[in-house]
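Trainee: A structural model of the following input is requested.
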Amino acid sequence: MTDFTALLPPLRRLAREAGAAVLEVYRSDFAVEAKADASPVTEADLRSEQVILAGLERLTPDIPVVSEEAAAAGKVVDLAGGRFWLVDPLDGTKEFVKRNGEFTVNMGLIVDGKPLVGVIFAPVPDRLFAACPGLVTAEDGGAPPRPIACRKPPAGGLVVLSSRSHRDPGRFDSFIGDFPVAEIRHSGSSLKFALIAAGEGDLYPRFGRTMEWDTAAGHAILRAAGGDITLADGSPLTYGKPGFENPPIVAWGTPTPLESARK
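Mentor: All right, here's what the predicted structure looks like:
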């Protein structure tokens, strides 16, 4: 297997560079436009994407990149080689527009349909998560990277994470009804995947629409930390699907213990 460890330091730097571009817009009087699917887009999405695409071209010129805004503009990428990047230059644009700080920069490397490398950077709280097979770390407030791992389900019940802006309350409540739940926390963006990887949550059911670039980085981080993202029925979530749209998904900290924790 390829050793992806050497990719992580330059990817961390690239994520921070993109995050700086996002924050520059965040602190300004920015405009909000609507894409064809009615989702919002800002100058921050576009600036971050420019930074990331240029950086990945320097870092891995032989690996194609599927990025949210380029895909929305109709760019077609040849995935025949089996390796490709999935990039969301600003995940949580609705949270960005609300100025609540709950947005991230995401980069995930897919190899043969599986996410193997992932970086998530949340610029406002200054939290950066990075992973490849066998290594997963978090950086808080610029501190050196520290190892993280998913936790075992707490005896007092699970911390369940929920999307702040994209929810299907009926399906969400029905699904978590099978588990002992201590707390439900609402937040935006793919940071929820990283929080489970860091042992700060246990379960995140997502029945609203997601795209592959929304989940790839978090999926790689979760896998390296001992967790996973599956379809709602427990089957694997794969990448490179036509249209890049995901079915309903569930992020797990430790799938096997969680199954035994069902009521």
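Trainee: which other helices and strands contact the lengthiest helix in the chain?
Mentor: If each helix of the chain is counted by residues according to DSSP state H, the longest one is helix 8-26. Here helix 8-26 touches helix 43-59, strand 83-91, strand 104-111, strand 114-122, strand 127-132, strand 135-140, going by 3 or more CB pairs under 8 Å, 6 or more residues apart in numbering; DSSP states H and E. Backbone N, C-alpha and C define where each C-beta goes, glycine included.
Trainee: quick one: contacts of it?
Mentor: Helix 8-26 is touched from outside by 42-44, 47-48, 50-52, 55-56, 59, 89-90, 96, 99, 103, 105, 107, 117, 119-121, 123-124, 128, 130-132, 135, 137, 139, 145, with contacts defined as CB atoms under 8 Å, 6 or more residues apart in numbering.
Trainee: partner strands of the helix or strand following it, parallel or antiparallel?
Mentor: Later in the chain than helix 8-26, the nearest helix or strand by DSSP states H and E is strand 32-34. Strand 32-34 sits in its sheet next to strand 40-42 (antiparallel), going by DSSP bridges.
Trainee: tell me which residues in the strand it pairs with are buried?
Mentor: Judged by neighbour count (16 or more other CB atoms under 10 Å), strand 40-42 contains these buried residues: 41-42.
Trainee: ends of stretch 89-103, how far apart?
Mentor: Terminal residues of stretch 89-103 are spaced 10 Å apart (CA to CA, to the nearest Å).
Trainee: pLDDT of it, averaged?
Mentor: The pLDDT scores in stretch 89-103 average 92.
Trainee: what do you get for stretch 66-77?
Mentor: 87.
Trainee: next one: it to chain centre, how far?
Mentor: Computed by CA atoms, centre = their mean, to the nearest Å, the separation of stretch 66-77 from the middle of its chain amounts to 18 Å.
Trainee: and that stretch, C-alpha only, in CSV?
Mentor: Extracted C-alpha coordinates of stretch 66-77, given in CSV (Å, rounded to 0.1, in the frame of the first residue of the first chain):
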residue,chain,number,x,y,z
VAL,A,66,-13.5,16.9,-8.3
SER,A,67,-14.3,20.1,-6.5
GLU,A,68,-17.8,21.3,-5.6
GLU,A,69,-17.8,24.6,-7.4
ALA,A,70,-16.1,23.4,-10.5
ALA,A,71,-18.5,20.5,-10.6
ALA,A,72,-21.4,22.9,-10.3
ALA,A,73,-20.0,24.8,-13.3
GLY,A,74,-20.1,21.6,-15.3
LYS,A,75,-16.4,20.6,-15.3
VAL,A,76,-16.1,16.9,-16.1
VAL,A,77,-13.2,14.9,-14.5
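Trainee: ok so, going back, buried residues in the longest helix of the chain?
Mentor: Of the residues in helix 8-26, 8, 11-12, 14-19, 21-22, 25-26 count as buried by neighbour count, 16+ other CB under 10 Å.
Trainee: Take the residues you listed and lay them out in JSON lines including distance to Ala225.
Mentor: Formatted as JSON lines, those follow (distance: CB to CB, whole Å):
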{"residue": "Leu8", "distance to Ala225": "14"}
{"residue": "Leu11", "distance to Ala225": "17"}
{"residue": "Arg12", "distance to Ala225": "17"}
{"residue": "Leu14", "distance to Ala225": "21"}
{"residue": "Ala15", "distance to Ala225": "18"}
{"residue": "Arg16", "distance to Ala225": "21"}
{"residue": "Glu17", "distance to Ala225": "25"}
{"residue": "Ala18", "distance to Ala225": "23"}
{"residue": "Gly19", "distance to Ala225": "21"}
{"residue": "Ala21", "distance to Ala225": "28"}
{"residue": "Val22", "distance to Ala225": "25"}
{"residue": "Val25", "distance to Ala225": "31"}
{"residue": "Tyr26", "distance to Ala225": "28"}
